[in-house]
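*Asks:* Sequence plus the predicted model coming up.
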Amino acid sequence: MICDHSSEVMNAQRDEAFRRFASGGFPTRKVERYKYTDVANLFEPDYGLNLNRLDIPVDPYKAFRCDVPNLSTSLYFVVNDAFYSKALPQVHLPEGVIIGSLREHASQHYNQLAVKDGDAVTDLNTMLTQDGLYVYVPRNVKVDRAIQIINILKAPPLWDKTGGEALMANRRVLIELEEGAELKLLFCDHTADDRPFLTTQVIEAFVGENAHLDLYCLEETHAKNVRVSNVYIDQQRDSRVNHNVITLHNGVTRNKLDLTLSGQGAECGCYGCVIADKQQHVDNNTLITHRATHCTSNELYKYALDGKATGAFAGRVLVEHGAQKTTSQMTNQNLCATKEARMFTQPMLEIYADDVKCAHGSTVGQLNDAALFYMRQRGISEQEAKTLLQQAFVNQVIDLISLEPLRDRLHYLVEKRFRGELSKCEGCKLCK
Amino acid sequence: MLEVRNLHARIGEKEILKGIDLTIRDGETHAIMGPNGSGKSTLSAVLVGNPLYEVTEGEAWFNGKNLLELKPEERAHEGLFLSFQYPVEIPGVSMTNFMKAAINERRKAQGLEPMNAAEFLKLMREKRKVVELDSKLANRSVNEGFSGGEKKRNEIFQMAMLEPKLSILDETDSGLDVDAMRIVAEGVNKLQRPDTSCIVITHYDRLLEMIRPQYVHVLYKGRIVKTGGPELAKLIQEHGYDWIKEEIGEE
């Protein structure tokens, strides 16, 4: 049934993924990279799968308004795990560029990065996924207009009658940038329904020589949403990648990033910004592998935790034997506004080359009392001063976003979030 | 303006102020001098409500309001201003946003609408001139990467923006070169009105020659031990504090 609604390339990977998954099962917290998020427990409840591809009638333009509108992006929609071909933007893409359904376009690159990881959630995704997004940019083509993908989670209408069932979606993305290609890609994750969702997402990105990829992932979902996302990126010689992952509102989120600098002179910037309160949980787990010489990696993750939120950051930089002249910087800074908010942080460096410049560091603290008092002396109320300081704290990450309208919009959303005016995503039904 | 009676304060277990009496009327400028560690900065911190210090005894009235019952921001709204000895750097908060928040929070407390953007920028431009502050500093984060002199000038710029009734300048002259000190002193003088007052805490009479206080107080071991006119500052500059210590019966 799964195979009927998918493609040969995708089907070819299922049996092996199933065999691997069946032998190991869901990772427990004893598995190092799942230490801070109890994934086995998250998969415990019964979730429905839309394997028969029941049509989900949404008019995304009408029913849904993303929080990042008017960016002059080319807008596409993915509903649960299916590319939504009924609403395509009226834009002319440069010749040869493909943005479409993975089922139709998946190439032989499919699963080539992901399979090496041996991650059980990735295997589960490979086993069950039926569709998703495929992005291809040919050699030396620069896509000027940013591509915005809105991932909407919504249950089939029939389910509404039986009421409140939980839905699982297994989304897959494959991105290929040929030599010298350039692309800015923005994913916005939203829930359009108040039922519990569980999403597994696997993104694979192949970035060719001298190519440039900006990959932004923004999550604004609700408290009953579970997201397990695994991102795999491979970079060839002199390529550049900026990856920004921003969690504005969520339930339980676990983001994994595995990035490999395979070609000489490649550069990456991996940035994360988390704002969480109540019982929210956000775990970012990164592995950056320096495989070639003269590569640079920069990592900055910032968490502002309030209420009883828990955050985790486990970052590992691996400099392989022979990867000389590596420059690497990893920083994780965290603010805990309450005594109940908890942060786990684990920056790791593993170096097998002798001519490298690497640094890593991590801090957990409260708001600066001296700054707070200075502001109050000028007449700014304690609450307002706190909000300004929290905003300033995370804006350091937002400011690294090169897409200016997105940066401005995020400044606005972050401010709203800290003022408690963005308790859920603006687009979802719950908040209308 | 300000009436302080028998004020005692401590930080942790250490008592620093041991009974301060001080009366400041409208339009007056008072200087407070004294050896290191005598309690000058503590006095200014207590008056503006720094939570690190605990008032154990005494009272302070500011234009009829019981100062010690007000939060720091409420004291600011009443027109109390402190030019910090060590201005705090606030990375990520621009001077513009910081001043906008300060002005509008006070307007809110007074029941006024927020100032519109054009009006606000005009005010910023005008007041910047008072202390010859570079326009580029306005777009930078509060005090971040400012030189020592710029930080102190920035304090006086904020004073100009907020137009306080009583300003306390805590060693605003320390670390300033001659030209910067002149700019700061001229700025302060320009901002003085018949209904505003000023407390100048300093170690040197150079600033006082430019700001010209009517009264000079000497603070020693948490008490005001001597009060005089501007000539007292000159005597201290020439002879130090030993003769005052002798006067009050100390070695």
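*Replies:* Looks like it arrived, so ask away.
*Asks:* other SSEs contacting whichever strand or helix holds A:Ala40?
*Replies:* Element membership for A:Ala40, per DSSP states H and E: helix A:39-42. With contacts defined as 3 or more CB pairs under 8 Å, 6 or more residues apart in numbering or on different chains; DSSP states H and E, helix A:39-42 has these neighbours: strand A:225-235. (C-beta placed from N, C-alpha, C; glycine too.)
*Asks:* The strand it packs on: what's the following helix or strand?
*Replies:* strand A:240-249.
*Asks:* what about the strands in the stretch 1-150 of chain B?
*Replies:* With DSSP state E, counting those that start in this stretch, the ranges of strands along the stretch 1-150 of chain B come out as B:2-11, B:14-24, B:29-33, B:54-62, B:65-66, B:80-83, B:90-94, B:141-142.
*Asks:* Could you pull out the buried residues of the longest one?
*Replies:* Of the residues in strand B:14-24, those buried by neighbour count under the rule 16 or more other CB atoms under 10 Å in any protein chain shown are B:16-18, B:20, B:22, B:24.
*Asks:* Make a markdown table from those and add distance to chain A and pLDDT to it.
*Replies:* What follows is the buried residues of strand B:14-24, written out as a markdown table (distance: CB to the nearest CB, whole Å; pLDDT from 0 to 100):
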| residue | distance to chain A | pLDDT |
| --- | --- | --- |
| B:Ile16 | 18 | 94 |
| B:Leu17 | 18 | 94 |
| B:Lys18 | 24 | 94 |
| B:Ile20 | 20 | 94 |
| B:Leu22 | 20 | 95 |
| B:Ile24 | 19 | 95 |
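*Asks:* Low-confidence stretches in the stretch 151-251 of chain B?
*Replies:* Along the stretch 151-251 of chain B, segments meeting pLDDT under 70 span B:251.
*Asks:* Now the phi/psi pair for the residue in chain A that chain B sits nearest to, please.
*Replies:* Residue nearest to chain B within chain A (CB to the nearest CB): A:Ala392, separated by 2.7 Å. Main-chain torsions, A:Ala392, degrees, to the nearest 10: phi -60, psi -40.
*Asks:* which ones are touching it?
*Replies:* B:90-93, B:141 (CB atoms under 8 Å, 6 or more residues apart in numbering or on different chains).
*Asks:* Repeat the analysis, applying 6 Å as the threshold.
*Replies:* Counting by CB atoms under 6 Å, 6 or more residues apart in numbering or on different chains, A:Ala392 touches B:92-93.
*Asks:* Got the confidence number for it?
*Replies:* On the pLDDT scale, A:Ala392 is placed at 93.
*Asks:* do A:Glu178 as well
*Replies:* Looking at A:Glu178, the pLDDT reads 97.
*Asks:* That one contacts A:Glu209, correct?
*Replies:* No - using CB atoms under 6 Å, A:Glu178 is not in contact with A:Glu209, being 8.6 Å away.
*Asks:* Can you verify A:Asp15 is assigned to a helix?
*Replies:* Yes - A:Asp15 sits within a helix when classified using DSSP: H, G, I helix; E, B strand; the rest coil.
*Asks:* Send over the strand or helix carrying A:Leu186 as CSV, restricted to the C-alpha atoms.
*Replies:* Using DSSP H and E, A:Leu186 falls within strand A:182-191. Output of strand A:182-191 as CSV, limited to C-alpha atoms (Å, rounded to 0.1, in the frame of the first residue of the first chain):
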residue,chain,number,x,y,z
GLU,A,182,22.8,29.3,-5.6
LEU,A,183,19.6,28.9,-3.7
LYS,A,184,17.9,30.4,-0.7
LEU,A,185,15.3,28.0,0.8
LEU,A,186,13.0,28.7,3.7
PHE,A,187,10.8,26.1,5.4
CYS,A,188,8.0,27.2,7.6
ASP,A,189,6.4,24.5,9.7
HIS,A,190,2.9,25.0,10.9
THR,A,191,0.0,23.1,12.3
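*Asks:* Tell me what angle it forms with strand A:240-249.
*Replies:* 20 degrees (axes from the mean of the first three to the mean of the last three CA atoms, to 10 degrees).
*Asks:* Return the list of helices and strands in contact with the helix or strand that comes right after strand A:182-191.
*Replies:* Next helix or strand after strand A:182-191 toward the C-terminus (DSSP H and E): strand A:197-207. Contacts defined by 3 or more CB pairs under 6 Å, 6 or more residues apart in numbering or on different chains; DSSP states H and E place strand A:197-207 against helix A:120-128, strand A:167-177, strand A:225-235.
*Asks:* and those as a markdown table, adding mean neighbour count and distance to B:Glu155?
*Replies:* As requested, the helices and strands packed on strand A:197-207 are exported to a markdown table (neighbours: other CB atoms under 10 Å in any protein chain shown; distance: least, CB to CB, whole Å):
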| stretch | mean neighbour count | distance to B:Glu155 |
| --- | --- | --- |
| helix A:120-128 | 24 | 55 |
| strand A:167-177 | 25 | 51 |
| strand A:225-235 | 25 | 47 |
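*Asks:* can I get these in a markdown table with distance to B:Val46?
*Replies:* Listed next are these as a markdown table, based on distance: least, CB to CB, whole Å:
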| stretch | distance to B:Val46 |
| --- | --- |
| helix A:120-128 | 58 |
| strand A:167-177 | 60 |
| strand A:225-235 | 50 |
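*Asks:* for the strand holding A:Leu186, packing partners?
*Replies:* On a contact count with 3+ CB pairs under 6 Å, 6+ apart, strand A:182-191 meets strand A:147-153, strand A:212-220.
*Asks:* what comes up buried for stretch B:28-37?
*Replies:* B:28-35.
*Asks:* Going along the chain, name the helices of chain B.
*Replies:* B:40-48, B:72-78, B:95-109, B:117-130, B:148-162, B:178-191, B:205-211, B:230-239, B:242-247 (DSSP state H).
*Asks:* A:Val245: which of the ones you listed is closest?
*Replies:* helix B:95-109 (26.1 Å; CB to CB).
*Asks:* and that closest one with chain A, contact?
*Replies:* Yes - using CB under 6 Å from any CB of the partner chain, we find that helix B:95-109 touches chain A at B:101-102, B:105-106.
*Asks:* and what of stretch B:145-157?
*Replies:* No - using CB under 6 Å from any CB, stretch B:145-157 stays clear of chain A, coming no nearer than 10.3 Å.
*Asks:* Residue ranges in chain A under the pLDDT threshold?
*Replies:* A:57-71, A:158-164, A:422-432.
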